[in-house]
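**Q** dropping a prediction and its sequence here:
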Amino acid sequence: MPDTTVRLQKFLADAGICSRRAAEQLIAQGEVAVNGRPAELGQKIDPESDKVTVDGRQVRAATLQPKITVAVHKPRGLICSNDDPHNPETVFSLLPPKFAQYRFFCAGRLDKDSEGLVVLTTDGDLAQRLTHPSNQVTKRYLVVLERGFPREKIHRLLNGIIADGERLKVEYANLINPGPGGLASSLDVHMHHGKKREIRQLFLGLGYPVKRLKRYQIGAFSLRGISSRAGKQLSPAEIESLFAQPPAVPQQHVKRAPSSSPRAKGLAKRGASRKASD
């Protein structure tokens, strides 16, 4: 007889409840039960005979649905949740009406106050690939602060800070159009992990509240051409571009602030002279 069992987290993802990673969290928190008993991580179930509930509500086995992936441009004010009684309009409201019959979930969320690129998919395996930290999918953000950020503090963003027992950091940060004093209220920030509200908490921890946060690129796929509240169904090639490594960041952008010593200034001046003569 063929084995019809599947891992519980895959069953929940295929049913459109959440991603596999989120399903593991629900199981660990005791919110999932199989045949009336608390579920265990790694547990296998038979969708045809086992009764699975999440927070007391039964989960039906997913009907076969096509794998559809849509990139949407989320505006501020929408949440990345399938169901919230306090927020009747969610990011899923941006999907075209023709997809209303299918169950989508977010492959990487943005908080309510943030905007930009969000990937919605019916493919649980794709969502797992996009959100699992081991895949190191690079996400790029425009960060606008309430006041100017100094160039000499860039290394604080790269080294990170400890908040609630966790290290918050980014992989790359660069000032956008800094003024004569080396201050800029806008930064280009890249990261490939991403805890909840991590960028906001990181800047706030350094004393620079975030006024606007926009994700403009995932991997090599850019939000360019997708207007606010609009979406685009992704082709297989575009889906793979989400995992592509973006062009290398110039090394000088990720170094710590240069030394102010006379010797360092002299080296910088000679380097600039060589560049001008090339």
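**A** Everything's here; your move.
**Q** use CA for all of it now, contacts and neighbours both
**A** Noted.
**Q** tell me where the stretch 151-278 of the chain has helices.
**A** Under the criterion DSSP state H, counting those that start in this stretch, the stretch 151-278 of the chain contains helices at 154-159, 198-205, 236-241, 262-277.
**Q** gap between the first one and the chain center?
**A** Averaging C-alpha coordinates over helix 154-159 and over its chain gives two centres that are 20 Å apart (C-alpha atoms, centre = their mean, to the nearest Å).
**Q** and that helix, what's buried?
**A** Neighbour-count burial for helix 154-159 flags Ile154, His155, Arg156, Leu157, Leu158 (criterion: 16 or more other C-alpha atoms under 10 Å).
**Q** and stretch 67-83, by the same measure?
**A** 68-76, 78-82.
**Q** check stretch 196-205 too.
**A** Buried residues in stretch 196-205, defined by neighbour count with 16+ other C-alpha under 10 Å: Glu198, Ile199, Arg200, Gln201, Leu202, Phe203.
**Q** where's the residue positioned nearest the centre of the chain relative to Lys153, distance?
**A** Centroid-nearest residue in the chain, with C-alpha atoms, centre = their mean: Gly108, separated by 4.2 Å. Relative to Lys153, Gly108 is positioned 28 Å away (C-alpha to C-alpha, to the nearest Å).
**Q** please tell me how far Pro55 sits from Ser19.
**A** Heads up, residue 55 is Asp, not Pro. Distance, Asp55 to Ser19, using C-alpha to C-alpha: 16 Å.
**Q** more crowded one of these two?
**A** Ser19 (30 against 10; other C-alpha atoms under 10 Å).
**Q** follow-up on the earlier one: surely the residue nearest to the centre of the chain meets Val118?
**A** Yes. With contact defined as C-alpha atoms under 8 Å, Gly108 reaches Val118; the gap is 6.8 Å.
**Q** could you redo the buried residues of stretch 196-205 as CSV and give each row distance to Ala173 and pLDDT?
**A** Formatted as CSV, the buried residues of stretch 196-205 follow (distance: C-alpha to C-alpha, whole Å; pLDDT from 0 to 100):
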residue, distance to Ala173, pLDDT
Glu198, 14, 94
Ile199, 11, 96
Arg200, 14, 96
Gln201, 15, 95
Leu202, 12, 97
Phe203, 12, 97
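**Q** phi, psi for Gly77 please.
**A** Main-chain torsions, Gly77, degrees, to the nearest 10: phi 100, psi -20.
**Q** in the stretch 101-250 of the chain, where is pLDDT below threshold?
**A** Within the stretch 101-250 of the chain, the segments meeting pLDDT under 70 span 247-250.
**Q** which stretches in it count as strands?
**A** Using DSSP state E, counting those that start in this stretch, the strands found in the stretch 101-250 of the chain span residues 105-106, 115-121, 139-150, 161-163, 166-168, 172-175, 183-191, 210-218, 221-222, 231-233.
**Q** for these, which one sits closest to Glu24?
**A** Of all the strands of the stretch 101-250 of the chain, strand 105-106 sits nearest to Glu24, with 15.5 Å by C-alpha to C-alpha.
**Q** who touches that closest one?
**A** Strand 105-106 has contacts (C-alpha atoms under 8 Å, 6 or more residues apart in numbering) with 16-19, 80-82, 118-122, 127.
**Q** could you redo the last one with a cut-off of 7 Å?
**A** Gly16, Cys18, Cys80, Asn82, Val119, Leu120, Thr121, Thr122 (C-alpha atoms under 7 Å, 6 or more residues apart in numbering).
**Q** and these, which is closest to His192?
**A** Checking the contacts of strand 105-106 against His192 with C-alpha to C-alpha, the nearest one is Val119 at 15.1 Å.
**Q** quick check: bridge partners of the closest one?
**A** Beta bridges link Val119 to Ala71 when assigned by DSSP bridges.
**Q** coming back round to it: need the buried residues of stretch 67-83 in CSV (columns: secondary structure).
**A** Output for those, formatted as CSV (DSSP: H, G, I helix; E, B strand; the rest coil):
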residue, secondary structure
Ile68, coil
Thr69, strand
Val70, strand
Ala71, strand
Val72, strand
His73, strand
Lys74, strand
Pro75, coil
Arg76, coil
Leu78, coil
Ile79, strand
Cys80, coil
Ser81, coil
Asn82, coil
